[in-house]
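> test case, fold it:
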Amino acid sequence: MGITGDTYTLFKREMLIFKSNLRTNIIRSILFPVILILFFGNLGNSIKGVQIAVVNNANNPQSIAFINSLESTNAFSVQGITTMTNGIEGLRDGSLAMLVVINPTFPHSSSGAPGVYIYYSESSFTELSSMSIIESAAEKFGASAEQVQSTVQPQSFGASAAFGGKSSYKDFIVAGIIIMVAAFGAIFGGGITSIMDRQLGNLKAFLITPINKLSILLSKILSGTVQAEIYGLLALVIGLLDGAGVAMGAIGYLWIIVIAALISLGFSGATTLLASRIKRVEVYAIFANMITLPLWFLSGAFFPATNFPTWLQIMSVYDPMTYAVQGIRYVMILGYYPVSAMMVDIGVLLLFAGVMLALSLMLFKTTIE
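Predicted coordinates:
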């Protein structure tokens, strides 16, 4: 039938095996993201005493009520200041976590400008969670809020589109969990079945049949990729049901599918590469987790990589998961995917998938020869 037909036939076999254990596979794939999303995604509700300053340029009953609503949440320790310069100084010296500037026309918009600007110096857990609380409070008055990242230089203070259009920590962490679930799904895909086929003698049977031998490996990688993609999409659904959102809309969902597929393909190649040199499932699982877990943490799945020590930031640059997580955060949080960032993210993921696929094919050849 040729390599394409042989690969498709063996791929159907792999998916039938997956289907036969569908309940176990689904439960295993959703249990971890459910726990992470429900626990970490809602940690913002316990934020207390965050130091913020408010510049009230409106000074009307609505703006005063808005400030009172922030104080009533107990999430903030609010201080009133008269100028943005003082607030920026507070951001620079670390005495303030955020600066909230209320526009003169609050709660109404003027020339498309938002009613509230939220200035911050870094995207840490506290800032991401706190900003979502401020945004919700502004919405209750019919006003919008815009996040602005400060350069902490008063004379050149300006806006940045850094993760901010409508973000919350839940959106932030769901992006990381999608990639985590996809990567770990690849571990339980072709890699596991490769070792099991070797233990059960199926691999020897395949090798003596008149099929293209590389189709054996390709079917493992393809099935592992599809299974990992399914797991990643399930994690997205769980996040959406718990309140996360995709700011980019329908196109954003397509980007999430593409990015999850690329990272799944890369890790499917990596895990089949690992399985070609390991004979026991237990040993394989240990090594696969030793590789995948550190890469996941380095990707900035829980906290922005900019908050890491310098040496970890350098390692994060060489982590393919970093670019997958970053890409999904653009579409979920920012609302658009800048072409320059897209070219870097997709380019790195394609390179990672290509290298892993090539290495797994080369090592598989030496295994069967």
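
> return the set of buried residues in the longest helix anywhere in the chain.
If each helix of the chain is counted by residues according to DSSP state H, the longest one is helix 339-368. By 16 or more other CB atoms under 10 Å, the buried positions in helix 339-368 come out as 342, 345-346, 348-349, 352-353, 356-357, 360-361, 363-364, 367. Bear in mind the C-beta positions are built from the backbone N, C-alpha and C, glycine included.

> what's around the closest residue to residue 344 other than its chain neighbours, how many residues?
Ranked by CB to CB, 6 or more residues apart in numbering and with sequence neighbours excluded, the top spatial neighbour of residue 344 is residue 323, at 6.8 Å. When neighbours are defined as other CB atoms under 10 Å, residue 323 has 25 of them.

> confirm residue 323 sits in a helix?
Yes - using DSSP: H, G, I helix; E, B strand; the rest coil, the assignment for residue 323 is a helix.

> separation between residue 6 and residue 216?
Per CB to CB, to the nearest Å, residue 6 is found 8 Å from residue 216.

> low-scoring pLDDT stretches of the stretch 101-250 of the chain, where are they?
Counting by pLDDT under 70, the stretch 101-250 of the chain contains low-confidence ranges at 109-112, 122-129, 149-168.

> run the last query once more with 50
Along the stretch 101-250 of the chain, segments meeting pLDDT under 50 span 152-166.

> can you give me the strands in it?
Counting by DSSP state E, counting those that start in this stretch, the stretch 101-250 of the chain has strands at residues 116-120, 145-149.

> so what pLDDT did residue 296 get?
For residue 296, the model assigns a pLDDT of 86.

> ok, it - contacts?
Counting by CB atoms under 8 Å, 6 or more residues apart in numbering, residue 296 touches 176, 179, 180, 183, 321.

> got it, and residue 264?
Here residue 264 is in contact with 182, 183, 185, 186, 224, 225, 228, 229, 232 (criterion: CB under 8 Å, 6+ apart).

> what do you get if the cut-off is 10 Å, keeping everything else the same?
Shown in contact with residue 264 (CB atoms under 10 Å, 6 or more residues apart in numbering): 179, 181-183, 185-186, 189, 221, 224-232, 324, 353.

> look at it and give its secondary structure.
Three-state call for residue 264 (three-state DSSP): helix.

> once you drop chain neighbours, what's closest to it?
residue 228 is the one closest to residue 264 (CB to CB, 6+ apart), at 3.6 Å.

> burial count for the one you found?
Residue 228 - counted by other CB under 10 Å - has 30 other residues nearby.

> what of residue 81?
17.

> give me the beta-bridge partners of it?
Residue 81 forms beta bridges with residue 55, as assigned by DSSP bridges.

> need the pLDDT of it.
77.

> would you check how far apart it and residue 206 are?
If you go by CB to CB, the gap between residue 81 and residue 206 works out to 72 Å.

> please apply the same query to residue 357.
With distances taken as CB to CB, residue 357 is found 19 Å from residue 206.

> residue 358 touches residue 269, doesn't it?
Yes - counting by CB atoms under 10 Å, residue 269 is a contact partner of residue 358 at 8.2 Å.

> and residue 242, how far from residue 139?
Counting by CB to CB - residue 242 and residue 139 are separated by 19 Å.

> same question for residue 217.
On the measure of CB to CB, residue 217 and residue 139 end up 52 Å apart.

> more crowded one of these two?
Neighbours were counted for residue 217 and for residue 139 using other CB under 10 Å; residue 217 has more, 26 against 14.

> what's the closest non-adjacent residue to the more buried one?
Nearest one to residue 217, counting by CB to CB, 6+ apart, is residue 364 at 4.5 Å.

> same thing with residue 175?
residue 328 (4.1 Å).

> swap in residue 267?
Going by CB to CB, 6+ apart, residue 267 has residue 186 as its nearest residue, at 3.8 Å.

> how about residue 247: what's its closest non-neighbour residue?
residue 335 (3.6 Å).

> count the neighbours of the one you found for me.
18.

> surely it meets residue 246?
Yes - counting by CB under 10 Å, residue 335 touches residue 246, with 8.9 Å between them.

> shared neighbours of those two, anything?
By CB under 10 Å, 6+ apart, the residues touching both residue 335 and residue 246 are residue 252.

> settle this for me: residue 87 is touching residue 54, isn't it.
Yes - here residue 87 reaches residue 54: they are 8.5 Å apart, a contact under CB under 10 Å.

> what do those two both touch?
With CB under 10 Å, 6+ apart, residue 87 and residue 54 have common neighbours 79, 81, 98, 99, 100, 101.

> top of the residues you listed by neighbour count?
Of the shared contacts of residue 87 and residue 54, with other CB under 10 Å as the count, residue 100 tops at 27 neighbours.
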